[in-house]
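**Student:** Please work out how this folds:
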Amino acid sequence: MRAKRYGRCGTWLVLGFLLLLTAPTHPPGPPFLTPTATDTSVPAIGRAWPVGSRPTVLRGWEPPATAYGRGHRGVDLAAPPGSPVRAVAPGRVSFAGRVAGKGVVSVELTGTDLRTTYEPVTASVEKGAEVAAGEVVGTVEPTGSHCSTTCVHWGLRRGETYLDPLSLLPPWLLRRGPSRLLPVLDVPLP
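**Tutor:** A predicted model of the protein is given here:
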């Protein structure tokens, strides 16, 4: 009698284990919000750096492993206080104000589902304003930066997913170009 009972229990354990192995890993429906849960492709529509012509990148984009994980959700660009901050691509200002004591400007990019943010910035535009690529949207604030020196934190989002803002820039804006040797005139040969 005991052998029958243990035999049935063993059968149920095996069936339960097989169901566990074949069960879906997540319930059907919207994907869990992670950096890789949605489309991460970004069109290179940028036509200007946010600050300067080729600013120093103080800290690059470090995508978090999960929606609330550690990481750096943007790029920090070196910029002295009072420097103009420009829209990278054309769009409409979706926010211009203060968040947690810092000036923030957000621009929804035309023809895309992307949004860029710039902080700490004293806004010179208002919500709803149309901006062109390279148009000044504010100036770098002297305080409020999380960098060791004054910088602008430049972010990019699609919905709730953070993306690498440098991917907005075409290769010709990212590279300095090849080194070239120029002729030296009026120098005697050794």
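**Student:** Can you show me the strands along this protein?
**Tutor:** Using DSSP state E, the strands of the chain run over 57-59, 75-78, 84-86, 91-99, 102-109, 114-119, 121-123, 130-131, 136-140, 151-158, 161-163.
**Student:** Quick check: which of the ones you listed is nearest to residue 42?
**Tutor:** strand 161-163 (5.7 Å; CB to CB). All C-beta spots, glycine's among them, are computed from the backbone N, C-alpha and C.
**Student:** So which elements touch that closest one?
**Tutor:** Applying 3 or more CB pairs under 8 Å, 6 or more residues apart in numbering; DSSP states H and E, we find strand 161-163 packed against strand 151-158.
**Student:** May I ask which helix or strand of the chain has the lowest mean pLDDT?
**Tutor:** helix 2-22 (a mean of 51; mean pLDDT, DSSP states H and E).
**Student:** For residue 68, find the nearest of the strands of the chain.
**Tutor:** Nearest to residue 68, of all the strands of the chain, is strand 161-163, at 11.6 Å by CB to CB.
**Student:** who touches the nearest residue to residue 48 once chain neighbours are set aside in this structure?
**Tutor:** Leaving aside its sequence neighbours, residue 48 sits nearest to residue 134 (CB to CB, 6 or more residues apart in numbering; 4.0 Å). Contact analysis of residue 134 by CB atoms under 8 Å, 6 or more residues apart in numbering lists 47-48, 86-87.
**Student:** okay if I get the residues you listed as TSV plus neighbour count?
**Tutor:** Output for the contacts of residue 134, formatted as TSV (neighbours: other CB atoms under 10 Å):
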residue	neighbour count
47	17
48	17
86	20
87	27
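**Student:** sorry, back to before: any chance of the strands of the chain in TSV, with distance to residue 175 and mean pLDDT too?
**Tutor:** Output for the strands of the chain, formatted as TSV (distance: least, CB to CB, whole Å; pLDDT from 0 to 100):
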stretch	distance to residue 175	mean pLDDT
strand 57-59	13	91
strand 75-78	16	94
strand 84-86	20	97
strand 91-99	25	97
strand 102-109	22	96
strand 114-119	21	97
strand 121-123	27	96
strand 130-131	26	98
strand 136-140	25	97
strand 151-158	18	95
strand 161-163	20	91
